[in-house]
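Asker: Here's my sequence, what's the structure:
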Amino acid sequence: MSRINPIATESAAGTARELLGGVQKKLGMTPNMMATMAHSAAVLDAYLKFSGALGAGVLPAETREQIALTVGEANGCRYCLSAHSAIGKMVGLTQDQILDARCAKASDAKTAAILKLASLLVEKRGLVSDDDIAAARDAGVNDAEIAEVVANTSLNLFTNYFNHVADPEIDFPLAGTLPSSSSSEACGCHDDSCSAA
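Answerer: Next up, the predicted model:
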């Protein structure tokens, strides 16, 4: 059961109602996470503006969804894993790419470096090393992309933590848990070089 109940659009007041109406119009639904954020119009507005701004950045939608899956898995956020697995499919990710991203892996070297950096940001609480940044740069990740990896990781930390606190009902197809073994199959990778993060 949710700790904080979502607010129906028709029950919301003022700015929160306008924001929820905009979400409904854009997505054709109002996800429970956003309806729960609407208890504070400032929180919902901040989330929508942050997400919207990053949507106009240099990282493509597929990569942003992969980062969301990497961060969601690292934080054990079932709501976000379910939401971003569904959205990932909508933007063109395959099931294998979705599973790989949950382990901070990708077949493309540059994307893999981006996901590794996102994973390290979570693991090290942002205190990544010079070598961590050099590894990303060596894979072709430029400074604008590094900045957006930090921002997208931060956005997903916010939603992960919000969902841990509020515990909204998951209103997307439920993402399964990864097997607990460290085999290549456990993290959805398809070669021997992959192990579960």
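Asker: buried ones in the longest helix along the chain?
Answerer: Determined from DSSP state H, the single longest helix within the chain is helix 143-166. Within helix 143-166, the residues scored as buried using 16 or more other CB atoms under 10 Å are 145-146, 148-149, 151-153, 155-160, 162-163, 166. Where C-beta positions appear, they are placed from N, C-alpha and C, glycine not excepted.
Asker: what does stretch 80-100 give?
Answerer: 80-88, 93, 97-100.
Asker: and which of those is nearest to I170?
Answerer: S82 (5.0 Å; CB to CB).
Asker: how about the longest helix of the chain as PDB, C-alpha atoms only?
Answerer: The C-alpha coordinates for helix 143-166 follow below in PDB (Å, rounded to 0.1, in the frame of the first residue of the first chain):
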ATOM      1  CA  ASP A 143      32.200  17.200 -21.600                       C
ATOM      2  CA  ALA A 144      28.600  18.100 -22.500                       C
ATOM      3  CA  GLU A 145      27.600  14.400 -22.300                       C
ATOM      4  CA  ILE A 146      29.500  14.000 -19.000                       C
ATOM      5  CA  ALA A 147      27.500  17.000 -17.600                       C
ATOM      6  CA  GLU A 148      24.300  15.400 -18.700                       C
ATOM      7  CA  VAL A 149      25.200  12.000 -17.300                       C
ATOM      8  CA  VAL A 150      25.500  13.700 -13.900                       C
ATOM      9  CA  ALA A 151      22.200  15.600 -14.400                       C
ATOM     10  CA  ASN A 152      20.300  12.500 -15.600                       C
ATOM     11  CA  THR A 153      21.700  10.400 -12.700                       C
ATOM     12  CA  SER A 154      20.600  13.100 -10.300                       C
ATOM     13  CA  LEU A 155      17.100  13.300 -11.800                       C
ATOM     14  CA  ASN A 156      16.800   9.500 -11.400                       C
ATOM     15  CA  LEU A 157      18.200   9.600  -7.800                       C
ATOM     16  CA  PHE A 158      15.400  12.000  -7.100                       C
ATOM     17  CA  THR A 159      12.700   9.800  -8.500                       C
ATOM     18  CA  ASN A 160      14.100   6.700  -7.000                       C
ATOM     19  CA  TYR A 161      14.200   8.300  -3.500                       C
ATOM     20  CA  PHE A 162      10.800   9.800  -4.000                       C
ATOM     21  CA  ASN A 163       9.400   6.400  -4.800                       C
ATOM     22  CA  HIS A 164      11.100   4.700  -1.900                       C
ATOM     23  CA  VAL A 165       9.500   7.200   0.400                       C
ATOM     24  CA  ALA A 166       6.000   7.500  -1.200                       C
END
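Asker: That's all I had, so thanks and see you.
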